[in-house]
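Trainee: Here's a sequence, model it:
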Amino acid sequence: MSLHAIKVTYVEDDINLGMVVKDFLEMQSYKVQHFVSAEEMIKQEDSLTTDICILDIMLPGMDGYELAKYIRKQDSNIPIIFLSAKDQVQDKIEGLKLGADDYISKPFSTIELDLRIQNIIKRSTNAISSPTTLDIQLGNFRYKESELQISFPDITINLTKKENQLLSLFINNRDTIIKRDDILQRIWGSNNHQSSRSMDVYLSKLRKIFVHEPRIEIINYHGTGFKFDTSKLENQ
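Mentor: The predicted structure is shown next:
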């Protein structure tokens, strides 16, 4: 059994187009969160526990460029695709300056969008996994950092990039208290309020994963930090 599906955060204010694209991507086995505005996405705490963001540029309120800047502050590694009715060179340049991984002009083929997502995810995964080497058995789970994967006897879970980074940090420093600010600086690059909230979401995700190995606990030391506690494991 696998819990993995590529997670897509999709921001598009055209409701009809949004529904068509969302339905198509879900038919291709993606897990899609669709929002009609940047503000709606930002209010959803787990909107950035995602593998890729697809952003329309011409949004009401905060536009796609501003939203991309916000996303980059929270997580500089999340791939971003811009969608736009504009097909001007300057608009594409602006998107690329903000670190966009791709820019697709409307109207577009949903099949083309699917292929571009796959290519970006493949490049992104390879870029992150290539330097990593952790392959470790702890209790009844095995963690393969280079494959962004954790396996239990009855289930295999593919991790998002941030989940993988956080779990790697914990395992490398298991049974040691890691300061909250150190985690934020190491993985998020800042310790502001939004980064802190994002980290709490990812910690919640990891805790849900480890219900499959109850001898391991992520302990919160209030005002200090967190410990990936493996002390209940035998013969480790």
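Trainee: for stretch 21-29, what is the average pLDDT?
Mentor: Across stretch 21-29, pLDDT averages out at 92.
Trainee: Would you mind writing the CA trace of it as PDB?
Mentor: Output in PDB follows, covering the C-alpha atoms of stretch 21-29 (Å, rounded to 0.1, in the frame of the first residue of the first chain):
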ATOM      1  CA  VAL A  21      -7.900  21.300 -14.500                       C
ATOM      2  CA  LYS A  22      -8.400  20.000 -11.000                       C
ATOM      3  CA  ASP A  23     -10.600  17.100 -12.300                       C
ATOM      4  CA  PHE A  24      -8.100  16.300 -15.000                       C
ATOM      5  CA  LEU A  25      -5.100  16.200 -12.600                       C
ATOM      6  CA  GLU A  26      -7.000  14.100 -10.100                       C
ATOM      7  CA  MET A  27      -7.800  11.600 -13.000                       C
ATOM      8  CA  GLN A  28      -4.000  11.400 -13.400                       C
ATOM      9  CA  SER A  29      -3.700  10.500  -9.700                       C
END
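Trainee: what about residue 113, which SS state?
Mentor: Assigned by DSSP: H, G, I helix; E, B strand; the rest coil, the conformation of residue 113 is helix.
Trainee: Give me the distance between it and residue 167.
Mentor: Distance of residue 113 to residue 167, computed by Cβ to Cβ, to the nearest Å: 30 Å. C-beta here means a position set from N, CA and C on the backbone, and glycine is covered the same way.
Trainee: Where does pLDDT dip in the protein?
Mentor: For the chain, the stretches with pLDDT under 70 are 1-4, 45, 86-92, 124-133, 234-236.
Trainee: quick check: domain ranges of it?
Mentor: With domains defined by automatic domain parsing, the chain comprises 7-129, 159-229.
Trainee: Now render these as TSV, adding mean neighbour count and distance to residue 147.
Mentor: Output for the domains of the chain, formatted as TSV (neighbours: other Cβ atoms under 10 Å; distance: least, Cβ to Cβ, whole Å):
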stretch	mean neighbour count	distance to residue 147
domain 7-129	17	7
domain 159-229	16	9
